[in-house]
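*Asks:* next one to model:
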Amino acid sequence: NTQFGYSIEGKAAGVQVISSGAPGANSSIQIRGLGSINDSSPLLVIDGVPTPSGINYLNTINPNDIATIDVLKDASSAAIYGSQGANGVVIVTTRKGTPGQNHLNIDAFAGIQSVANKLDVLNASQFAFLNNEELTNANKTTNPGYADPASLGAGTNWLNAILRNAPMQSYSLSYSGGTDKSNYYVSGSVLDQQGVVIDSKYRRYSLRINTNQKLFDWLKTGNTLTLGHDEKPTGRGSISGALSSNPVLPVYNPDGSYSGPVGQSQWYGSQTNPVGLYNLVQNNTNGYNVIGSVYAEVTILPGLTFKTTPGLTATFYDTRTWAPQNDLQPSPQTQSYLSESYNKRITYNWDNYLTYDRRFGKDHHLTLLAGTSAEANSFNYMNGNISGFASDLTQQLNNGTVLPNVGGDANQWSLFSLMGRVNYSYKDRYLITA
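*Replies:* Below you'll find the predicted structure:
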């Protein structure tokens, strides 16, 4: 179990988890189907901190750190989150220390990933036979090189050429403990996952620190903090490109260069060598994530408490694409190309709750809650790309000379909410919520 999405897959009714299977790919969660033509993802709340939409923080979480996962599906339970909870709410609570018990946990595993069911594709002989048949039926000239399809043999299975058995490994270390006055939980983890497609992999580092203190009988404080860093290098090829490549062509020419379709596209196709695209073009994304909060809870009167929780979610990530000059057919790239982009998203949260919780006799239980929630978000993005490098050793934007281009964007939003809730239960059997 390396990703959060796998933790709830198939375990909650009405919850659908979809992942592309690529290393580090974000899981898409849908609660009771698609509820909007736009973003229908549920609100994700991590240790009381709502995360902004548009950014998937699921991969930030080490599954070994999760204590509970609650899914709010009905309107009543999600109402406290207002319009943000329209598509449901997923509440993640991470582990805390246990008073009087110290625990040191080490978790490690390694495995091999492979594609279980591959598509059957045409071999070279089959492709040549069908290509001749297609052109003949269209009254077009057939390829002389395909005059004897059987002589071409198996050729290249391009799907096998880009797929591999991929190792993965994960290591996690945590230490927790506490007393009747305080507790703590500290963990760190490393995940290294190679992709089954060549030149794809994912590496994640995470650190978590959770603490709680009872400073006085009337005052409790604590914090949660997650620091994460991930790396996602990939090539520029695609599985669809491999499926549409000509099996008559080899991966490499006799001189060691990458082969490709040269000549009439109706004979040889027009798909660039997918192995060459994966190996030559470098796409790298590096992400840095911070999710944290602190709280103070004051007992004003018996049954009456006030809790304030400021929080922060911050994401910084950069993407870099380097495509060197190459002779990949049928469209050689005459000049090297570099593109870089930088993104920053910061969200501040501040929640305040006043709660009255009281039992009257043995049968009646009343809970009243009133509160406010404030959020402020800022996003900044900038990118640049350029071609024409004198040397592929100088891979910096200011060393390019041809077609420079820059762009960027920024936006801000804020949200302020008032909320209230009444829960009444009779004999812990009948419940009224408003």
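*Asks:* pLDDT wise, what is the residue of the chain positioned farthest from its centre at?
*Replies:* Most distant residue from the mean C-alpha position of the chain: N139, 50.2 Å away (C-alpha atoms, centre = their mean). If you check N139, the pLDDT there is 95.
*Asks:* same check, this time on T2
*Replies:* 64.
*Asks:* now swap in Y6 and tell me
*Replies:* On the pLDDT scale, Y6 gets 68.
*Asks:* can you check A13 too?
*Replies:* 77.
*Asks:* quick one: secondary structure of it?
*Replies:* Taken by DSSP: H, G, I helix; E, B strand; the rest coil, the conformation at A13 corresponds to coil.
*Asks:* beta-bridge partners for N284, please?
*Replies:* P233, R320 (DSSP bridges).
*Asks:* returning to what we had before: the residue farthest from the centre of the chain and G269: what is the separation?
*Replies:* 20 Å (C-beta to C-beta, to the nearest Å). For the C-beta atoms, the positions are set from N, CA and C on the backbone; glycine is no exception.
*Asks:* before we move on, what about I80?
*Replies:* 57 Å.
*Asks:* looking at I31 now. What's its pLDDT?
*Replies:* 81.
*Asks:* excluding chain neighbours, give the residue nearest to it in space.
*Replies:* Closest residue to I31 apart from its sequence neighbours, by C-beta to C-beta, 6 or more residues apart in numbering: G88 at 3.3 Å.
*Asks:* is it correct that that neighbour is in contact with P42?
*Replies:* Yes - judged on C-beta atoms under 8 Å, G88 makes contact with P42 at a distance of 3.9 Å.
*Asks:* shared neighbours of the two, which are they?
*Replies:* Residues touching both G88 and P42 (C-beta atoms under 8 Å, 6 or more residues apart in numbering): 31, 71.
*Asks:* run the chain-centre distance for stretch 389-406.
*Replies:* With C-alpha atoms, centre = their mean, to the nearest Å as the basis, stretch 389-406 stands 31 Å off its chain's centre.
*Asks:* now what about it, what contacts it?
*Replies:* The contact list for stretch 389-406, computed with C-beta under 8 Å, 6+ apart, reads 322, 324-325, 335-336, 338, 340, 382-388.
*Asks:* can you say which of those residues are buried?
*Replies:* For those, a burial check counting by 16 or more other C-beta atoms under 10 Å picks out 322, 336, 338, 340, 383-388.
*Asks:* just the closest of those residues to P63, please.
*Replies:* Minimum distance to P63 across the buried ones among the contacts of stretch 389-406 is 32.2 Å, recorded for E340 (C-beta to C-beta).
*Asks:* run the chain-centre distance for the strand or helix carrying the closest one.
*Replies:* Using DSSP states H and E, E340 falls within strand 337-360. Chain-centre distance of strand 337-360: 18 Å, with C-alpha atoms, centre = their mean.
*Asks:* could you list the buried residues of that strand?
*Replies:* For strand 337-360, burial by neighbour count (16+ other C-beta under 10 Å) applies to 337-341, 343-347, 349-351, 353, 355.
*Asks:* can you check stretch 427-434 too?
*Replies:* Per 16+ other C-beta under 10 Å, stretch 427-434 contains no buried residues.
*Asks:* equivalent analysis for stretch 39-52, please.
*Replies:* Neighbour-count burial for stretch 39-52 [16+ other C-beta under 10 Å]: 40-52.
*Asks:* swap in stretch 392-403?
*Replies:* Neighbour-count burial for stretch 392-403, counted by 16+ other C-beta under 10 Å, picks out 395, 400.
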